[in-house]
Structures are given as structure tokens and as C-alpha cells.
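Student: everything below, folded, please.
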Amino acid sequence: MSAPSTVREKGDHFLLFGLPRKLWIEMSALEKRFLELSWKLHPDKFVNASAEEQELSLKDSSELNDAYRVLRDPLARVEYLLELEGMRKEGEQKQQAPPELLEEVFELNESLDELRDAKASGSDLASLKSRLEAAEKNFQEKLSEVDAKLQETARQWDAAIDASASDTDRKGIIVRLNELLNRRSYIRNLVANVQKELL
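Tutor: Just a heads-up that it's a prediction; the model follows:
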């Protein structure tokens, strides 16, 4: 019995699951297809196969699990689409402050430095913590705004795929998705830094 070569031949998570490169996915259909493929590729089905076929089955099963993990997570799905479209390289993240946030980021970093100094010297932290909590709330709101824009741009991508839009139109949407994902990553890191200091 030879291992199905579905995973090796396609190498594209969307194709593996028989899906177009769209950002909205019906989760129950994705899960159903995952279970079907898992059953076909499961290493237990290859116990009497050659060592090479057993190894390929393990590799295919692992790749299937990775593909499922990526496709079921909306943000990972966007990031993966950007990789497929040549906008992102694995492990590469652009962490530049969005220009319109530079002043707020500067003030936030000053407040974080003041809090660290106050902690080290045993000074009163109440007013600093209050200021940082307000900043955290502000950046959480900005994160929600970016998420809403990401969802809207994802809908535009899906509509472009449905309409067989030109490469230029699709590229414009991909560029916006990449910018929004970078912005989201930057703001999320700011929020995480503030939360860490407020502990």
C-alpha cells in the first residue's frame, strides 16, 4: 500500500483541502475534510508498508496537521496567503511603528521607562499605572480597529477571487493585507509590553 501523495504534490494548504485561496472558510467543511484526509494518511494504515512508505505517511500526516492548524486560524490564514503571494517570508516580520502612531508610541515608551525606574526605586506607582492602563485601553481600541479593517480587506480579497480580478487589483489588496497585518503585529506587541509591565 503506498501513501497518498496529496500533500507532497500540492504543497499548498488551500489546494490540499480542495479550497480556493480565499480567506473565509467554512470551519465545519474544513474539519470534515481534515478528518477524511487524516484517516487516509494515518501512519497506522501503513504498518505493513515499506519503511519508506511509513516515513512518507508520517511526513504527510504531519504536513496535514500543520496545514489544518494554519487554515483554521484567521490570522495565520492571512499570513499564509501573504507568503503564497510572495509578500512575506517565513520568520520575517516588519516591526516599524506606523507613522501616525509615532508620537503615542514615544509617549508610551517614556511612561514604560518611568514605571521601570519607579519600580526600581520603590516610588509610588499609582499614577504611572493609571496612565499606562489608559494607554493600553487606547491601543486595544486601535487593535480592534485594525482587526475590523483586516476583516473588510479579507472580504475584498475573496470578492476579487470570485470575480477573477486582475493581478493588479489582487496585488493591491495583498499589499493592504500585509500593511494591516504588520500594523496589527506592532500594536499587539505594544499592548503585550504594557501588560507585562503592569503585572
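Student: CA atoms for contacts and neighbours, from now on please.
Tutor: Will do.
Student: tell me the secondary structure at residue 138.
Tutor: Under DSSP: H, G, I helix; E, B strand; the rest coil, the three-state class of residue 138 is helix.
Student: give the contact list for it.
Tutor: Taking C-alpha atoms under 8 Å, 6 or more residues apart in numbering as the definition of contact, residue 138 has no neighbours.
Student: give me the buried positions along stretch 169-189.
Tutor: Residues of stretch 169-189 classed as buried: 170, 173-174, 176-178, 180-188 (neighbour count, 16 or more other C-alpha atoms under 10 Å).
Student: for stretch 141-153, that is, sorry about that
Tutor: By neighbour count with 16+ other C-alpha under 10 Å, stretch 141-153 contains the buried residues 142-143, 146-147, 149-151, 153.
Student: which intervals of the protein have sub-threshold pLDDT?
Tutor: 1-10, 89-96 (pLDDT under 70).
Student: that older thread, and the two most separated of the buried residues of stretch 141-153?
Tutor: Largest separation among the buried residues of stretch 141-153 by C-alpha to C-alpha: 142 and 153, giving 16.4 Å.
Student: thought residue 80 was touching residue 69?
Tutor: No - with contacts counted by C-alpha atoms under 8 Å, residue 80 stays clear of residue 69, the gap being 11.2 Å.
Student: of the buried residues of stretch 169-189, which belong to helices?
Tutor: Per DSSP state H, helices hold the following members of the buried residues of stretch 169-189: 170, 173-174, 176-178, 180-188.
Student: show me the helices in the chain, by range?
Tutor: With DSSP H, the ranges of helices along the chain come out as 6-10, 13-16, 27-41, 51-72, 74-84, 102-121, 126-162, 167-198.
Student: which elements pack onto the last one?
Tutor: Helices and strands touching helix 167-198, as assessed by 3 or more C-alpha pairs under 8 Å, 6 or more residues apart in numbering; DSSP states H and E, comprise helix 74-84, helix 102-121, helix 126-162.
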